[in-house]
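Peer 1: Sequence plus predicted model, see below.
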Amino acid sequence: MLIYDSRVEKKIWKPSKYFHLGAIGLFPFLLFTILSFYSLKDFKRDNSLNSDFPENHKILENIKNQKAHFLNHGDFILLSSPEFNELSVHSLKLMEDLSKSLEKVPTVGSIVSPLNLQDLYDDGYSFSFKPLLDLPVNNQTEVTSLFHTISETKLFRKLFLGKKGTPGLYIFPSEDCDSEEFGKSILEWEEKNAFVVYMTGLPILKFYNSRMTHNDSKVLPLLALILMLMIEYLIYRKVKIAFYLCLGSLIPMIWALSLFPVINLTMTNDNLIAPILVLGLASSYGIHLIRGRSVFPDTDMAGVLDKISGKIIIAGLTTMMGFASLFLSPTISIRQFGFILIMGIIFALIFSLYALPTILMKIPPPTDHGQRMMNHLHRPTGKRKNLIVFSILLLVLGWGVSMVYMDSRIMNLLPNYHPYHQSNSYFNQYFGGVDEIEIFCDSGEEYGIISEEYYKSVSRVLSELESLPTISSAIAYTDFISWMHSRIAVGEDKPFDVSEPDQFFIGESLELLTDSSTQGLQINSLVDPSYRNHRILIRFASRPDHGGWNEYKRMLDDLNLILSKSKIGIYTMGGASIIQYYLIHSHKQTILKGLALFFPILILICLVLTRSIIWTMCIVSSPMLGALVYFGVMGMTGIPLTIPTLLAITCILGVSVDDNIFYTLSMRSKLIEGKPFKGALIESYNETGGAIMDTSVVIIFVMLCLFASGNKAIAQSGFLIITSQSVVTVYTLWFLPMFFPRYLRSKSCIKKEL
């Protein structure tokens, strides 16, 4: 980038004849920035949990194909009130008022509650329906009898009652209604009415996540920018330097944001962290430029670029290598994140090497407050007692913060976007949550025939599933047949054989179950009209907010173990937790493949640069330590593997190499010049230590903004980045020099490299 004249007097920075060409060259970048702002107005936000289907999982493809035959899993809202606990005439009247009011909401398709429970009776083998509550229930005895019937009937108990026998209203959306819009309309209904109710469900969660994303997309980038401006002013004590360095990070972030509508990627609560990462990482290159001005005060900007531009490019390439591991993910959106992050780093490199030097050219070098502090703290050959104490305090502080954070106390101090957690606590206590998954099965039988053996297999699987502590209930068509069988037994004069219904009775019951009249109970879809396909509904005993996705993973592992031993012809499963389960496996494969690709390529690049195994291992040790800290913190705190935490590990790999490579390559170049080891170490530290510390502090402060997110996964990813970055920086500045002397004290080794 020869836009400066290095022939002028060294202490005077004067633009060369190429400066005007460089200024003209800034015009395309400014135009692109304006277009970026214009494209942001078309930003759309989509929180669909179904947008992250891994392509290579056939089971998830089957979920898409079966939506035409079965209800959309999880798209319902469970509503209740503390007054329902009384099981009185008043509570039944409240249910009726709620149902009538909800029926006026356009997005509501149907409401299932004890009010529309229909009692089936037999007339020989001709079945018909008699509404149980056609006559008003006017006294407590009738109400008690009604709820006693529900609690004693296995099918109704599973459908209507929670763990403590508390009834609720299941609200299902209309066919043409979007899940998120459905949740929004029910919440608006709640605000307009005076009912004291609690509600939860996937549509509510989708709507609140959308609102959190909308708020976070406005607050987090602005907060990150304010934190960056504040810390850079505290470091350099000059407003102009802090402003220009923030500008060098802000413009690449805007360019990266402009790619979202270009590649048709919508802003969600998962990929919101991507522009924040670009903002933090882009600050590194400008900091090294301004530190170069301090370290080489007698050199113009062209000389500074000659000395550090190669290292900046190498650091940028290694950062892009970390993000390139996202291309190995089978999930389309994660590969798109990788593309945006890599393009963000490319934009940062272009701006830092071409435009930013033009801006920083006339600014005098900053007074080096930070460098004097670093020289006081660090003596390469002296005692390291203070460092050991500092490291112990860092580990204790990290552990304490993680424990407090995992207890959600930090989040409780932040503004709440919604009362969702209050509803969750109520449903955890009384209903055990409403998260539901569906297991789609193929009986393999002929049309209209289901054998007794297959019926017994399904019943056996239901019993095993309900024995798991994490499952509240498992519902299938066998519950309906069993209930019909028990009703006939009541009307017989002679003792009834209650072993199992015969094949003929199963067929008659299935014909009744698929009748459209059962739609009021939302159980007619338990079996397909062909009788060959059927489904099992599983409702969990706890929400992910309570135990995290790791709890669901353990439950689903047990579930898969039970289903693998069964003989009921399972061909697919559906539900938000199933999707998350496979995404976790996909993320793990992405991380393992990324590490398997990142480290060999990094080792190869370092071998080409240094031509030494020892130097290579010194560089590679930092990202290895960062990865170990990342996995260690996740293991100790129980942070689940999500998309934001997946992006965190790629950030850690890239940043840890950035810090290390400047220090190590500078040290190697000093030794090759023939300087003594101690002098080379101190000189290399003076050249790069301040920039490494400044970069680390800026990144940590920028990532603090993630704790203000309403999305717990984003806050967890910020905690992982801050912890790993702190440990890696301490290692690079204080512990890494301990590995240099063992090989490089010998001058013959240095001559061999030359």
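Peer 2: Received, thanks.
Peer 1: Please, where are all the strands along this protein?
Peer 2: Secondary structure of the chain (DSSP state E): strands located at 77-80, 108-112, 118-123, 126-131, 169-173, 198-200, 436-442, 471-475, 533-540, 570-574.
Peer 1: ok, residue 263 to residue 327 distance?
Peer 2: 14 Å (Cβ to Cβ, to the nearest Å). Quick note: C-beta positions are derived from backbone N, CA and C, even for glycine.
Peer 1: Distance-wise, check the closest residue to residue 562 other than its chain neighbours relative to residue 559.
Peer 2: Once flanking residues are discounted, residue 562 sits nearest to residue 464: 4.9 Å by Cβ to Cβ, 6 or more residues apart in numbering. Applying Cβ to Cβ, the value for residue 464 to residue 559 is 10 Å.
Peer 1: the more surrounded of the two?
Peer 2: Legend: neighbour count by other Cβ atoms under 10 Å for residue 464 and residue 559, higher for residue 559 (24 against 18).
Peer 1: The more buried one and residue 467 touch, don't they?
Peer 2: No - using Cβ atoms under 8 Å, residue 559 is not in contact with residue 467, being 11.6 Å away.
Peer 1: what stretches of the stretch 601-750 of the chain score poorly on pLDDT?
Peer 2: Counting by pLDDT under 70, the stretch 601-750 of the chain has low-confidence residues at 710, 740-750.
Peer 1: which residue ranges form the helices in it?
Peer 2: 613-637, 643-672, 677-703, 712-730, 741-744, 747-753 (DSSP state H, counting those that start in this stretch).
Peer 1: Select, out of those helices, the one closest to residue 314.
Peer 2: Smallest distance to residue 314 across the helices of the stretch 601-750 of the chain (Cβ to Cβ): 6.0 Å, for helix 643-672.
Peer 1: which other helices and strands contact that closest one?
Peer 2: If you count contacts as 3 or more Cβ pairs under 8 Å, 6 or more residues apart in numbering; DSSP states H and E, helix 643-672 packs onto helix 273-295, helix 301-324, helix 332-350, helix 576-610, helix 613-637, helix 677-703, helix 712-730, helix 747-753.
Peer 1: Would you tell me which one of those is buried the most?
Peer 2: The highest average neighbour count among the helices and strands packed on helix 643-672, using mean count of other Cβ atoms under 10 Å, belongs to helix 273-295 at a mean of 26.
Peer 1: and the angle for it with helix 332-350?
Peer 2: Counting by axes from the mean of the first three to the mean of the last three Cα atoms, to 10 degrees, helix 273-295 lies at 20 degrees to helix 332-350.
Peer 1: now the helices and strands packed on helix 643-672 in a markdown table, with distance to residue 248?
Peer 2: Formatted as a markdown table, the helices and strands packed on helix 643-672 follow (distance: least, Cβ to Cβ, whole Å):
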| stretch | distance to residue 248 |
| --- | --- |
| helix 273-295 | 4 |
| helix 301-324 | 12 |
| helix 332-350 | 8 |
| helix 576-610 | 25 |
| helix 613-637 | 24 |
| helix 677-703 | 12 |
| helix 712-730 | 20 |
| helix 747-753 | 35 |
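Peer 1: can you tell which of those helices is closest to residue 435?
Peer 2: Residue 435 lies closest to helix 576-610 among these, at 5.9 Å (Cβ to Cβ).
Peer 1: elements contacting that closest one?
Peer 2: In terms of contacts (3+ Cβ pairs under 8 Å, 6+ apart), helix 576-610 is packed against helix 58-65, helix 301-324, strand 436-442, helix 544-565, helix 613-637, helix 643-672.
Peer 1: switch to 6 Å and redo it
Peer 2: Applying 3 or more Cβ pairs under 6 Å, 6 or more residues apart in numbering; DSSP states H and E, one finds that helix 576-610 contacts helix 544-565, helix 613-637.
Peer 1: Thanks again, I'm all set now.
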